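Novice: I'd like to go over a predicted model; first the sequence, then the structure.
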Amino acid sequence: MNQTFLIIGGSSDIGRILTSSLATSGANLIILARDTERIKPSEQNVEIIKGNALDSDKVEEALEKSLEKGGGKIDGVTNLVGSILIKPPHLMTIDDFREVIETNLTSAFLTLSLTCKKIVKNGGGRLVFTSSVAGSLGLPNHEAISAAKGGIESMVRSAASTYARKGIRINAVAPGLTETRLTAGILSSEPIKKMATEMIPTRKISQPEQIASSIEWLLTNAPDNFTGQVLNLDGGMSSIRA
C-alpha cells in the first residue's frame, strides 16, 4: 500500500490497533496524540507528533507532515478523539458539558475544517469520524455525549454534501459500548456490565478490533460512492430488538 494517513487521537486503544494494521500493510502514517508513551510502533513508516487535537497549530503541523510524506497528497484522515460522561443534566455543571462538546465535537470540526482546506486542492481524500450509539438513540444520562455525537453525525452528513464534488468522502462509525480503556470503569462493575450487555441484541460488547477494522475499511477500501454515512457498530442496538 502506497498511501498516507493521518490518525488524530492515535494513542487510544482503537487508534493503536488501527496504526498497527495500516503500518503493517505498508501505509505511511502520521499520528497525532497526547499520550505518545502508549504508541511504540516498530515500523519506520510511522511518525508520531505529540499534541492536542484542539490545538490548531498541532493539527496543522500533522497535516503538513502528512502532505510531505504523501508527496503532496493525503489519502485519509481519521479523528478518534473522544470522552465519556454519563450523568443526568441536573448533576452536571456547564463546564462538564462544555468539556464533552469541546473534546468530541469541536475537535472533530477542527479536523474537518483544516483537513478539507488542505486536500480540496489535491484531488480529495477520505475522512472518518467517531460517533456513538448515543448519537442516534436516546439513552438515560447520556445528554452531553448525545449532543456531541449527534452533532458529529449531522456534521458528517452536511460536510459529505459540501465536498461530494470535490473528491472528498466523509463518513463516521458509531460504536455501541466497546471494551477499551475509556470504558474500563463502566465494565469493571459486573452488574452494570450485565445490564449493558442485555440491552444489545447480539448480547455482545464490541471489541476495539472491530471498530478499527471498520475505520480502516472506510479509509482504504470502501466504494467511492460511499459518503455521508454512519456505520452503526452496536450489535443492532440502534435498529433492532431481540
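Specialist: That came through, no problem.

Novice: which residues of this structure score low on pLDDT?
Specialist: 1, 41-43 (pLDDT under 70).

Novice: hey, where'd the strands end up in it?
Specialist: Counting by DSSP state E, the chain has strands at residues 4-8, 28-33, 46-50, 76-79, 125-130, 168-175, 230-233.

Novice: orientation of the first one relative to strand 125-130 in degrees?
Specialist: Direction vectors for strand 4-8 and strand 125-130, defined by axes from the mean of the first three to the mean of the last three Cα atoms, to 10 degrees, enclose an angle of 20 degrees.

Novice: list the helices and strands the longest helix anywhere in the chain packs on?
Specialist: Ranked by residue count under DSSP state H, the longest helix found in the chain is helix 143-162. Contacts defined by 3 or more Cβ pairs under 8 Å, 6 or more residues apart in numbering; DSSP states H and E place helix 143-162 against helix 94-101, helix 107-119, strand 125-130, strand 168-175. Glycine gets a C-beta too; all of them are placed from N, C-alpha and C.

Novice: about what we covered before: closest one to residue 181 among the strands of the chain?
Specialist: Distance to residue 181, taken as Cβ to Cβ, is lowest for strand 28-33 among the strands of the chain, at 13.3 Å.

Novice: how far off centre is that closest one?
Specialist: Relative to its chain's centre, strand 28-33 lies at 14 Å (Cα atoms, centre = their mean, to the nearest Å).

Novice: got a list of contacts for it?
Specialist: Strand 28-33 has contacts (Cβ atoms under 8 Å, 6 or more residues apart in numbering) with 3-11, 15, 19, 22-23, 39, 41, 43, 45-51, 53, 58-59, 62, 65-66, 69-70.

Novice: show the buried residues in those residues.
Specialist: Among the contacts of strand 28-33, those buried by neighbour count (16 or more other Cβ atoms under 10 Å) are 3-11, 15, 19, 22-23, 39, 41, 45-46, 48-49, 51, 53, 58-59, 62, 65-66, 69-70.
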